[in-house]
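Asks: With the input below, show me the fold.
(chains A and B)
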Amino acid sequence: MKKKKFSWKRVVFWIVLISVVSLFVFPIFWVYVTAFKTNAAIRSTSLAFTPTIENFVFLFTTRNAQVPLLNTIIISVVSTLLVMLISIPAAYSFARYSPSGNTLLFTTISTRMFPGVIAAIPFFLLFRDLNLLDTHIGIILMYVYFNMSFATFLMYGFFVDIPEQVEYAAMVDGYSRLDIIRKIVFPLAKPGIAITTIFTLIWSWNEFFFAFLFTGKVAKAVSVELSLFWGATQIQWGAMAALMCIAMLPTLAVAIFLQKYIVRGLSFGAVKG
Amino acid sequence: MSEIRLENVTKRYESVVALDGVSFSCKDGEFFTLLGPSGAGKTTTLEVIAGLKKPDEGKIYLDNEDAADISVQDRDVAMAFEDYALYSHMKVYDNIAFPLRSPKYPEKLTKAQEKEKVEAIANRLGIGEYLDRMPKQLSGGQKQRVSLARAMVRKPKIFLLDEPIAHLDAKLRALARSDLKRIAGEMGTTIVYVTHNYREALALSDRILIMREGKVEQIGTPDEIYNEPESDFVANLVGDPPINFMDGELKKDSETTVFEFDKFKFALPDDLAKKAWASSWEEDGKNIVRLACRPESLTAAKERTSDIAAQFPVLVSERKDEEILLKFRVKEALIIASMGQADDVPGFEEPAWVQIDLSKVYFFRKTMEVSAESKRG
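Replies: Numbering: from 1, shown residues only, chains lettered A, B, ... in the order given. Below you'll find the predicted structure:
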């Protein structure tokens, strides 16, 4: 093989690339390193340390971190399932039947156009009166409300991309509407459904503001728990970093997964060109 | 048995009227073509026959049965779509086999039977080697043939074919055209065929329906459509180079009728005069009629050939296959005349004598504007 010629352009390219990547990756790296350090090692200026799992042991014995973790899993999974159950048929209907010239679709998405904090007070009063504060079902309903419109809007785009003629073809071929949704629409919309599910899941998983306001003990989410290491007198860096490691895992996994899964072109082969 | 009858079918999309009182009937086993420019309502007609769109008014009968009560799935039609409408997540094989696996398909096929049917039609249409590919790996013409194969893999009561060979290249199109004619003959199934290409329509059809802005303009055999067009629109749609139109004045000179258009001035025989007067209209106190003649019945020469010939300066001369075509700009119109196989072709602005063969002229009312610019070429 021929040796590549040295060029300043390549050097600059790599320097810029490495510095940008480090900028983004360093905080994550820091969190993972800190999680495996003792308290003494965290305060030390030396780079060398002996890895330990004492922070994780502390989390799951003294701190009972499994409770907020489980809460977050329940809340995000159940709310995402509900969102998809509502949004898939809604988005499909908007795409195919465009009721009221899609002003309804706009109205739906407009629920996401104001800052969430505006909704906080009325929702708080409502939830208090309905005894939904600090319950799983309460925060799940909250997330369904916020994600439903976003998910419908996102999936509307995917369904609209599927040419109506393809469904016509299947009808003429003798398939019922339900068969068509199962055999044609679903497979074609799969990437869209996957991406929407993931976005909804991650949003619910990471959500802090409403979880902080609306839950206290019973339905406390991991994002809220994370903020509680920040005491009045001290910050428990090690334990906080350890829980962060765990809380970040789904997001990291998704980031890697999405890279190859965002392939929107699947339905483009159907039309001419 | 599979007859189709449409009675006064009207279909509106919001404010646009796609079909406006369309009535026709199509006999069992007939190759019936809908011909018209884009936007004439051809595809919508297929869609209402298939049941994909519901007419706002009027009735559709399939074998004398009101189709309003029959669902799309139960109509037993096969359709090839203009933009293919392939199932892009399935291989070509599965696309073609899809109708065979439908719950409406009369028999349950074994894998081997299914394979046999799919391969037979795929080979026939020259896509046998692409069965393992995905639709996105195919060219436009190949996709079109997959779409056609999917429609033809079963034997429905009616075929609805929407521009099924429009995206093939010229050579393949000619091949597919004769193939289609042969397959149609063998299958003996009623075919409703949509095209905007008059050559396809003339070559394939038993009868042709000309559509214009959602209305039926004329129904007839290819021969009738070409030789006896009922309106200037039909005459203009069929034929290449396009037919010539001359909006000239009719004058009564004692007993004879004289037609005058720019330098053309000649007496019309009685039978023609009668037709001319019947189609004439008044404009600025003059009697105007639209005379139409095909370029092959408008001959050009350097020398004067008869006393009804007139002399015009040549705009352009073109060779078309064996013959030479001369184009003239006369008033607003672009007139195309045939010169046969002449060696001595007049150049730009040089004069040539043009003569109309009066046995092959038509007279029409004016139902459309014809200017040199808007003329099909």
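
Asks: Just give me how far the worst-scoring helix or strand of chain B on mean pLDDT sits from the chain centre.
Replies: Least confident element among the helices and strands of chain B, by mean pLDDT, DSSP states H and E: helix B:170-187 (a mean of 82). Mean-position distance between helix B:170-187 and its chain equals 17 Å (Cα atoms, centre = their mean, to the nearest Å).

Asks: In it, which residues are buried?
Replies: Neighbour-count burial for helix B:170-187, counted by 16 or more other Cβ atoms under 10 Å in any protein chain shown, picks out B:Leu172, B:Arg173, B:Ala176, B:Arg177, B:Asp179, B:Leu180, B:Ile183, B:Ala184. Heads up, the C-betas are built off the backbone N, CA and C, glycines and all.

Asks: try stretch A:180-198
Replies: A:180-181, A:183-185, A:187-189, A:191-193, A:195-198.

Asks: is chain B contacted by that stretch?
Replies: Yes - shown here: stretch A:180-198 in contact with chain B (Cβ under 8 Å from any Cβ of the partner chain) through A:Ile184, A:Pro187, A:Leu188.

Asks: Tell me the secondary structure at the last one.
Replies: Secondary structure, DSSP: H, G, I helix; E, B strand; the rest coil: A:Leu188 is helix.

Asks: That one contacts B:His89, doesn't it?
Replies: Yes - with contact defined as Cβ atoms under 8 Å, A:Leu188 reaches B:His89; the gap is 5.6 Å.

Asks: Give the next helix or strand downstream of the helix or strand where B:Lys274 lies.
Replies: For B:Lys274, the host element (DSSP states H and E) is helix B:270-279. Using DSSP H and E, the helix or strand that directly follows helix B:270-279 along the chain is strand B:281-283.

Asks: who's in contact with that following strand?
Replies: Around strand B:281-283, the neighbours that count as contacts under Cβ atoms under 8 Å, 6 or more residues apart in numbering or on different chains are B:Asn287, B:Ile288, B:Val289, B:Arg365, B:Lys366.

Asks: what's the offset of that strand from the middle of its chain?
Replies: On the basis of Cα atoms, centre = their mean, strand B:281-283 sits 30 Å off its chain's mean C-alpha point.

Asks: Can you show me the CA trace of the helix or strand that it is followed by as CSV?
Replies: Per DSSP H and E, strand B:281-283 leads on to strand B:286-293 as the next helix or strand towards the C-terminus. Provided in CSV are the C-alpha atoms of strand B:286-293 (Å, rounded to 0.1, in the frame of the first residue of the first chain):
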residue,chain,number,x,y,z
LYS,B,286,-69.1,37.2,-40.7
ASN,B,287,-69.9,33.5,-41.0
ILE,B,288,-66.9,31.6,-39.7
VAL,B,289,-66.2,27.9,-39.8
ARG,B,290,-63.2,25.8,-38.7
LEU,B,291,-61.8,23.8,-41.5
ALA,B,292,-59.5,20.9,-40.5
CYS,B,293,-57.3,18.8,-42.7
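
Asks: what's the average pLDDT for the following helix or strand past strand B:286-293?
Replies: Counting by DSSP H and E, the next helix or strand C-terminal to strand B:286-293 is strand B:298-301. Across strand B:298-301, the average pLDDT comes to 89.

Asks: again with stretch A:187-202
Replies: Here the average pLDDT along stretch A:187-202 is 88.

Asks: Same check on stretch B:157-165?
Replies: 91.

Asks: quick revisit: out of the buried residues of stretch A:180-198, who's nearest A:Met244?
Replies: Comparing these against A:Met244 with Cβ to Cβ places A:Ile198 closest, at 20.3 Å.

Asks: Correct me if wrong: the closest one contacts A:Val254.
Replies: Yes - the pair A:Ile198 / A:Val254 is scored as a contact, 5.3 Å apart, by Cβ under 8 Å.

Asks: mind checking pLDDT for the residue of chain B positioned farthest from its centre?
Replies: Centroid-distance maximum for chain B: B:Ser254 at 42.7 Å, with Cα atoms, centre = their mean. With respect to pLDDT, B:Ser254 scores 81.

Asks: quick one, phi psi at it?
Replies: phi 50, psi -110 (degrees, to the nearest 10).

Asks: same question, A:Ile109
Replies: phi -70, psi -20.

Asks: returning to what we had before: just the buried residues of helix B:170-187 that are near chain A?
Replies: Near chain A, by the rule Cβ under 8 Å from any Cβ, you find none of these.

Asks: Tell me the one of these nearest B:Leu272?
Replies: B:Arg177 (36.4 Å).

Asks: My read is that the closest one contacts B:Ala166, right?
Replies: No - at 11.2 Å, B:Arg177 does not count as touching B:Ala166 under the criterion of Cβ under 8 Å.

Asks: Could you check the pLDDT of residue 2?
Replies: All of this is about chain A. For A:Lys2, pLDDT reads 57.

Asks: Oops, wrong one, chain B.
Replies: As predicted, B:Ser2 sits at a pLDDT of 85.

Asks: how close does the residue lying closest to it once chain neighbours are set aside get to B:Ile70?
Replies: By the measure of Cβ to Cβ, 6 or more residues apart in numbering or on different chains, the closest residue to B:Ser2 outside its immediate chain neighbours is B:Lys157, 3.8 Å from it. With distances taken as Cβ to Cβ, to the nearest Å, B:Lys157 is found 11 Å from B:Ile70.
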